[in-house]
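> Just a sequence and a predicted model for now, questions to come.
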Amino acid sequence: MKKLLSILLLTSSQLVMAQKFMTKTGSIDFISKAPIETIEGKNKAVAALLNIQTGSLDFIVQIKSFVFEKQLMQEHFNENYMESEKYPKAMFKGVIEDLAKLNFSKDGEYNVVSSGKLTIHGVTKDVKYPGKLSVKGGKINLQSTFGVLLADYKIAIPGAVKDKISKEIKINLNCNLDPVK
Amino acid sequence: MKKSTKLILVLLSIGLLAGTLVWNFVNKPVKDYSKQTASKSFTFDDIMNKVSNDTASLIELKDKLVSIEAKVKNVNQQGESITLELGDTTSMSSIICQVDSRYTSDFKDLKPGSNIAVQGIITGYTIDTDLGLGNTVEMNFCTLKK
């Protein structure tokens, strides 16, 4: 009886331990392809949290943590477009849909859809994005590529540089999530 | 030499010089902070205490070059990029340092658990209220403190 209780306790504690998966070093890149110039920003300090019991998914991105190749791009991105002093973070708060179809207890790859609220530049919008979720060796990888229209988030592009910046920005997300112990 | 030819040559030279200056200004690479001296030095605990108890002084450090002494929690390498997570393994709170891509070779042999002194620009912080991620401070353009 004691042995059975021990096994039950051990099993249940492992389940609780593996309920949440997180990272603080996820990657988000964006590319703006316009006739005159391609602009690429990279941020490898994305915080992400996935609860596999509820499907809740959260991302937090510090805008100033984006790194560019050129100094002028870095300054314009923060000061002119994203106004990162005023709006320091971008956030996503949502869920992975059809969670019941996913088996987190064994290795596998799934096409998933995540829906929720995306906040950029102080503007919050309901969004739904496709992605790929992979379970491997007790860890989870999340990848997604999606487009964001700058106008939707009230990010204004001055006329002088309108040929240098695309109206829609392509965003690549890649996060390796570890179980929260 | 004709006067008009001289004028054209002078104008061309001025145009070329102006073009070069503009080109260099527009295409100047991001700043290299590795040779600058950090304005202030902290331990991991100093910074985390500021996040918990004194955010006003932490806000003053935003966009400043600071040096941090801390234990390496994780070394995350993706392609040529390296991101360090500094802190204690017993706590969720940490400092995230994106290593300057020009100096990643300095960090390639770094192992979790080792002590390190890095310098970089503080880009922001997150106080964890309900997610359970712990408090986080982020830094960019991190290099080894020399």
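Nice, thanks for sending it over.

> Contacts for the longest helix seen in chain B next, please.
In terms of residue count, the longest helix belonging to chain B (DSSP state H) is helix B:3-26. Defining contact as CB atoms under 8 Å, 6 or more residues apart in numbering or on different chains, one finds that helix B:3-26 is touched by A:70, A:72. For glycine as for every other residue, the C-beta is placed from the backbone atoms N, C-alpha and C.

> following that helix, which helix or strand comes up?
strand B:40-43 (DSSP states H and E).

> Please name the strands paired to that next one in the sheet, noting orientation.
strand B:65-78 (parallel) (DSSP bridges).

> Next, count neighbours for residue A:107.
Using other CB atoms under 10 Å in any protein chain shown, residue A:107 has 12 other residues around it.

> Check the residue nearest to it when sequence neighbours are not counted and give its pLDDT.
Sequence neighbours aside, residue A:136 is the residue nearest to residue A:107 in space, at 5.1 Å (criterion: CB to CB, 6 or more residues apart in numbering or on different chains). Looking at residue A:136, its pLDDT reads 96.

> show me what contacts the residue nearest to the spatial centre of chain A?
For chain A, residue A:59 is the residue whose C-alpha lies nearest the centre (CA atoms, centre = their mean; 4.9 Å). Taking CB under 8 Å, 6+ apart, we find residue A:59 in contact with A:26, A:46, A:47, A:48, A:90, A:91, A:92, A:173, A:175.

> Any part of stretch B:124-142 near chain A?
Yes - Stretch B:124-142 is in contact with chain A by CB under 8 Å from any CB of the partner chain, via B:124, B:126, B:131, B:132, B:133, B:136, B:138, B:140, B:141.

> you'd agree residue B:45 is in a helix?
Yes - the assignment for residue B:45 is a helix, going by DSSP: H, G, I helix; E, B strand; the rest coil.

> number of nearby residues for it?
What residue B:45 shows, counting by other CB under 10 Å, is a neighbour count of 12.

> Report pLDDT for it.
So residue B:45 comes in at 95 (pLDDT).

> next one: residue B:26
pLDDT, residue B:26: 81.

> which of the residues of stretch B:124-142 next to chain A sit farthest apart?
The largest separation in the residues of stretch B:124-142 next to chain A, counting by CB to CB, is between B:132 and B:141 at 29.0 Å.
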